[in-house]
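1. got a sequence here, can you model it:
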Amino acid sequence: MIDNPDARRHLPSGKQIRLSRIFGAVNRRALVVPLDHSVTIGPLGAAGHADHTAAILERAGADALIVHKGRARTIAPTRFGAMGLIVHLSAGTNLAVDQTRKVLVGSVEECLALGADAVSVHVNVGAPTEAQQLTDLGVVAAECDRLGVPLLAMMYARGGVADTAPTSVSTLAHLGAIATDLGADIVKLDYAGAPQQMDEVVDTCPLPILVAGGPATATDDDAIDFGMRVAESRVAGLSFGRLIFGADHPHRVARALAERLHRGSDPSRPLAAALELA
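-> Okay, the predicted model is just below:
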């Protein structure tokens with residue numbers, strides 16, 4: 001990848017400070033764990049599961065947790081002394097006729113009131129409601145710029161033509177371009193299938209990339225092995241939800257992946273540039 005100083009993204013200080021809480025000072029790579037699935041699929045456990053899981057993740061060395069605004073209120077604030085809080089603004093359920101549709105259910109200001117370090121928006125490119133989802137991403141990006149809050153765009157190819165090759169390098173690069181062009185600061189993408197292919201995607205995208213985990217695997221070792229393979233690429237980190245909270249031993253999986261991501265001194269280049277560390 002050509003390191004062109006003129007092409008580096010320079011973030012406002014508010015975004016820099018908040019991103020620094022999520023991406024550690026050693027090498028700017030992060031393990032982010034989404035727990036936003038309960039809107040889509042129903043409860044992930046007992047009433048206190050989010051706080052219980054947050055405590056496990058904090059001990060394991062995870063860098064940030066993603067939850068919806070109401071769920072954030074069920075987690076003890078002390079859990080976020082060492083972890084960042086990302087509040088998810090998109091919602092849709094698996095009970096809907098169109099399961100690819102996502103709508104906004106909160107504002108950036110609400111998230112700041114909760115102490116959020118960043119917000120996230122889900123966009124299904126190729127869905128029947130793609131136009132509205134792209135509009136929502138742009139609106140939230142503008143609000144994030146105004147308030148100095150980092151925006152994580154969760155970009156997926158879902159529906160229509162997008163279903164033909166949802167994890168190809170060209171499709172993932174296109175999704176990264178959309179997130180970049182519409183104002184996101186971080187992008188979450190599916191895995192391209194191999195570290196070399198994922199690096200091809202990284203080379204097209206000026207944003208730090210988090211790789212999605214997808215459905216739960218057969219064993220905890222499978223989840224760890226998958227994360228280790230992804231970490232061989234030059235992505236900025238992992239965004240593994242079900243692979244961790246659905247594991248037999250969530251602490252073991254999260255700790256192994258966090259230690260792998262935090263190993264070494266080579267920084268995530270897009271983040272190093274954005275945070276003026278390069």
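2. okay, CA-based contacts and neighbour counts for the rest of this
-> OK.
3. show me where the stretch 51-200 of the chain has strands.
-> 64-68, 84-88, 90-91, 103-104, 118-125, 151-157, 186-189 (DSSP state E, counting those that start in this stretch).
4. and the contacts of the fourth one?
-> In this case it means strand 103-104. Contact with strand 103-104 is made by 89, 90, 91, 92, 133, 136, as judged by C-alpha atoms under 8 Å, 6 or more residues apart in numbering.
5. now with 6 Å, please.
-> 89, 90, 91 (C-alpha atoms under 6 Å, 6 or more residues apart in numbering).
6. top of these by neighbour count?
-> Highest neighbour count within the contacts of strand 103-104, by other C-alpha atoms under 10 Å: residue 89, with 25 neighbours.
7. what score does that one have for pLDDT?
-> Looking at residue 89, its pLDDT reads 98.
8. residues near the nearest residue to residue 263 once chain neighbours are set aside, how many?
-> Distance criterion C-alpha to C-alpha, 6 or more residues apart in numbering; nearest residue to residue 263, sequence neighbours excluded, is residue 27 at 7.9 Å. Neighbourhood size, residue 27 [other C-alpha under 10 Å]: 19.
9. need phi/psi at residue 27.
-> Torsion angles at residue 27 (phi, psi; degrees, to the nearest 10) stand at phi -140, psi 10.
10. pLDDT at it, what is it?
-> pLDDT, residue 27: 85.
11. same thing with residue 18?
-> So residue 18 comes in at 95 (pLDDT).
12. quick one, phi psi at it?
-> Note on residue 18: its backbone torsions stand at phi -70, psi -40 [degrees, to the nearest 10].
13. what would the strands of the stretch 51-200 of the chain look like in CSV with distance to residue 55?
-> Converted to CSV, these look like this (distance: least, C-alpha to C-alpha, whole Å):
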stretch, distance to residue 55
strand 64-68, 11
strand 84-88, 13
strand 90-91, 25
strand 103-104, 28
strand 118-125, 20
strand 151-157, 23
strand 186-189, 24
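14. residue 113: neighbour count?
-> 9.
15. and the pLDDT for it?
-> 97.
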